[in-house]
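Asks: return atomic coordinates for the entry below.
(one chain, ligands or ions: 2)
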Amino acid sequence: MKIAILSRSRYIYSTSRLVEAAESRGHEVKVVNTLRCYMNIASHRPTIHYRGDHLEPFDAVIPRIGASITVYGTAVLRQFEMMGVYPLNESVAITRARDKLRSLQLLARKGVGLPVTGFAHSPDDIADLIKMVGGAPLVIKLLEGTQGIGVVLAETRKAAESVIEAFMGLKADIMVQEFIKEAGGSDIRCFVVGGRVVGAMKRQAVPGEFRSNLHRGGSAQAVKITSEERMTAVRAANIMGLNVAGVDILRSGRGPLVMEVNSSPGLQGIEGATGLDIASLIVQFLEKNARRHRTQTRGKG
Ligand code: ADP
Ligand code: MG
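Replies: Ligands and ions are numbered 1, 2, ... in the order given. Got it, this is the predicted structure:
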């Protein structure tokens, strides 16, 4: 197969592992810098240009699109889809997953376990918003935050009020969420490929911290998950329409609760913790499923 990887650089861990896995399985791989692609979108024969030339046809494309370039990145991916290239994850599914509000609404509609969550932009009645999600302690999140930045634990109603007020002053969308104390500063990342959890790790926050992000000093180790957790992760990925997903789960007193579904999950943490060759499993998924013109949506929707 000829495989394109949409990525900023071939030296990023996940990208270089995918290149390595694909080449060792006999495929031809090209790393394409998403932001350098330009496209003719007003033609019935869609093309992508790159460094002054047409991109040759590929059988499959692996999108590794950073959160900060979602709009342009998914447009480039859509163009690949219109050209009949099979995407590892479809552009519509990535767009869906990047919208936290939309994702949680979709998961809730299908009955997936979620922490009690409220969304707000400029609530007139902060006390009512807090009451709506069950009162303090509460986790308050800036919607556009990543790596744990913009995630705050408010232990009391007063603290919650002032944090919400401060975020409102920034005119940001916020999420107000029940604090899952039983999780004990840890969460479970389930790595899903083609409807199967192929690896799972537990991330544990440093003492005194509730955010388990590795960027916040958390540590990761392989973990055995329950069949309920496995089913929840697979269902969440399926509902989002993602072939490959990182599903983050909190272990609560009432079972697994999905916190977030990531459409470009990194390989470094999970391969490091589990010792598994996840990159090769992704390439094998493409070998089984990639056919030209087999994109379900062909860039529509
Ligand atoms: P980010 O997208 O910035 O990583 P998350 O929503 O994943 O933000 O939150 C960061 C971390 O904070 C999570 O990995 C988890 O350890 C902890 N956390 C987030 N929400 C809750 C919650 N409702 N209850 C308990 N811990 C939480
Ligand atoms: Mg997270």
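
Asks: who in the protein is up against ligand 1?
Replies: 115, 139, 141, 145-148, 151, 177-180, 183, 187, 210-213, 248, 250, 259-260 (Cβ under 6 Å from any ligand atom). Placement of C-beta: from N, CA and C, glycine included.

Asks: can you select the buried ones among those residues for me in ChimeraX?
Replies: The buried residues among those can be selected in ChimeraX (16 or more other Cβ atoms under 10 Å) with this line:
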select :115,139,141,145,148,151,177,178,179,180,183,187,210,211,212,213,248,250,259,260
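
Asks: in the stretch 51-200 of the chain, which spans are helices?
Replies: Using DSSP state H, counting those that start in this stretch, the helices of the stretch 51-200 of the chain run over residues 70-82, 91-98, 100-109, 126-132, 157-169.

Asks: for the residue lying closest to Gly145 once chain neighbours are set aside, name its beta-bridge partners.
Replies: Distances taken as Cβ to Cβ, 6 or more residues apart in numbering put Val151 closest to Gly145, at 6.1 Å, once the chain neighbours are dropped. Beta-bridge partners for Val151, by DSSP bridges, are Lys141.

Asks: make 283 the starting number, not 1.
Replies: Fine by me, first position is 283 from now on; the one you just mentioned is Val433.

Asks: surely Val433 and Leu420 touch.
Replies: No: counting by Cβ atoms under 8 Å, Val433 stays clear of Leu420, with 11.3 Å between them.

Asks: any idea how far the most centrally placed residue in the chain is from Gly334?
Replies: In the chain, the centroid-proximal residue (Cα atoms, centre = their mean) is Asn544; its distance is 1.2 Å. Per Cβ to Cβ, to the nearest Å, Asn544 is found 34 Å from Gly334.

Asks: circling back: show the model's pLDDT score for the residue nearest to the centre of the chain.
Replies: On the pLDDT scale, Asn544 is placed at 95.

Asks: list the contacts of it.
Replies: When contacts are counted by Cβ atoms under 8 Å, 6 or more residues apart in numbering, Asn544 touches 379, 527-530.

Asks: what about the strands in the stretch 483-583 of the chain?
Replies: Using DSSP state E, counting those that start in this stretch, the strands of the stretch 483-583 of the chain run over 501-504, 526-534, 537-544.

Asks: mind listing what's buried in the first one?
Replies: In other words, strand 501-504. Ala502.

Asks: avg pLDDT for it?
Replies: Averaged over strand 501-504, pLDDT sits at 97.

Asks: pairing partners for that strand, with directions?
Replies: When DSSP bridges is applied, strand 501-504 pairs with strand 478-486 (antiparallel).
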